[in-house]
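Q: Predicted model follows, preceded by the sequence.
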Amino acid sequence: MRLIMLGAPGAGKGTQAAKLAVAYNIPHISTGDIFRANIKGGTELGKKAKGYMDAGQLVPDELVCDLVADRIAQEDCTEGFILDGFPRTIPQAEALDAALEKMGLKMDAAVNVDVPDENIIERMGGRRACLKCGATYHMVYAKPQTEGICDKCGSELVLREDDKPETVKTRLGVYHEQTQPLIDYYEKAGILKTVDGTQSLEAVFEGIKAMLG
Ligand code: ADP
Ligand code: ADP
Ligand code: ZN
């Protein structure tokens, strides 16, 4: 199963991708996590990406397309994979199609987790992230067992710099302008599946599994 998770920042893509990765036993590939790991590790890529991310802007396509093409060519992706946070622009979607075509593959579905802007600010304000393993929590809807500590790896949870309300507004603008056109792109490709992302975590998960069959 080769899946794309689409949706606004904070819609729940990462949360659902993590659950689907376990259910289908395929890797969860989050470009945001890859960039954050590079920033933490002080790599060249991290240095290039940081300014864009902190400002709530997209990292340029040329820094992300090859990285994803290389990642999906790895051994653990042969049975499928879940892309979370990629593609985010039409050129990225075209680059993905080109990379897959070379491998003789196609995406199976693009899952659009639909959440209106009004709900996003609340989701983002309560989000707490583990920068070590990429796990995500919410102070009200998805609490960790011990406050402020990651259940999976024991690291400290943080409010991401780009989850502060001002930057969230910028990111929503960027989403509507550059990423939302992908909904049409995958509709035309005949693989779009839309789920109501305002439901509970479990209901969204069940909805996605039912659509994927
Ligand atoms: P969220 O899960 O809240 O949507 P992500 O972790 O996916 O956020 O992304 C955080 C930031 O990383 C984005 O705001 C952007 O700056 C950068 N980023 C992640 N994926 C991409 C991508 N495919 N193209 C460009 N920038 C990206
Ligand atoms: P994205 O990857 O799309 O940016 P996340 O999966 O990180 O979004 O979810 C954003 C925040 O909202 C997180 O704090 C997460 O725990 C919470 N969340 C995700 N799905 C739901 C849901 N269905 N109901 C309530 N909160 C949710
Ligand atoms: Zn962790």
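A: Everything's here; your move. Ligands and ions are numbered 1, 2, ... in the order given.

Q: Near ligand 3, which residues of the protein? Just list them.
A: Within the chain, the positions adjacent to ligand 3 are Cys130, Lys132, Cys133, Ala135, Cys150, Lys152, Cys153, Ser155 by C-beta under 5 Å from the ion. To be clear about C-beta, it is placed using only N, CA and C from the backbone, and glycine gets the same treatment.

Q: Give the buried subset of these as a ChimeraX selection command.
A: Only the buried entries of the residues of the chain next to ligand 3 go into this ChimeraX selection, using 16 or more other C-beta atoms under 10 Å:
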select :130,132,135,150
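
Q: Including secondary structure, distance to Ala210 and pLDDT, could the residues of the chain next to ligand 3 go into TSV?
A: Shown next, in TSV, are the residues of the chain next to ligand 3 (DSSP: H, G, I helix; E, B strand; the rest coil; distance: C-beta to C-beta, whole Å; pLDDT from 0 to 100):
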residue	secondary structure	distance to Ala210	pLDDT
Cys130	strand	29	95
Lys132	coil	33	92
Cys133	coil	29	92
Ala135	coil	25	94
Cys150	coil	30	98
Lys152	coil	27	96
Cys153	coil	31	97
Ser155	coil	34	97
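
Q: how about a markdown table for the residues of the chain next to ligand 3, with distance to Glu79 added?
A: As requested, the residues of the chain next to ligand 3 are exported to a markdown table (distance: C-beta to C-beta, whole Å):
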| residue | distance to Glu79 |
| --- | --- |
| Cys130 | 26 |
| Lys132 | 26 |
| Cys133 | 22 |
| Ala135 | 23 |
| Cys150 | 27 |
| Lys152 | 23 |
| Cys153 | 25 |
| Ser155 | 29 |
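
Q: lowest confidence element among the helices and strands of this protein?
A: In the chain, no helix or strand scores lower on mean pLDDT, DSSP states H and E than helix 117-126, which sits at a mean of 91.

Q: so what secondary structure elements neighbour that one?
A: Applying 3 or more C-beta pairs under 8 Å, 6 or more residues apart in numbering; DSSP states H and E, one finds that helix 117-126 makes contact with helix 165-174.

Q: Does stretch 189-207 reach ligand 2?
A: Yes - on the criterion C-beta under 6 Å from any ligand atom, stretch 189-207 is in touch with ligand 2 at Gln199, Ser200, Leu201, Val204.

Q: Spatially nearest residue to the second one, not counting backbone neighbours?
A: Leaving out its chain neighbours, the residue that sits closest to Ser200 by C-beta to C-beta, 6 or more residues apart in numbering is Tyr141, at 8.0 Å.

Q: Could you do the first one as well?
A: On the basis of C-beta to C-beta, 6+ apart, the spatially nearest residue to Gln199 that is not a chain neighbour turns out to be Gly207, at 6.9 Å.

Q: And the one you found, how far from ligand 1?
A: Distance of Gly207 to ligand 1, computed by C-beta to the nearest ligand atom, to the nearest Å: 19 Å.

Q: now do Ser200
A: For Ser200, the distance to ligand 1 (C-beta to the nearest ligand atom) stands at 19 Å.

Q: Can you list phi and psi of that residue for me?
A: Per-residue torsions, Ser200: phi -60, psi 160 (degrees, to the nearest 10).
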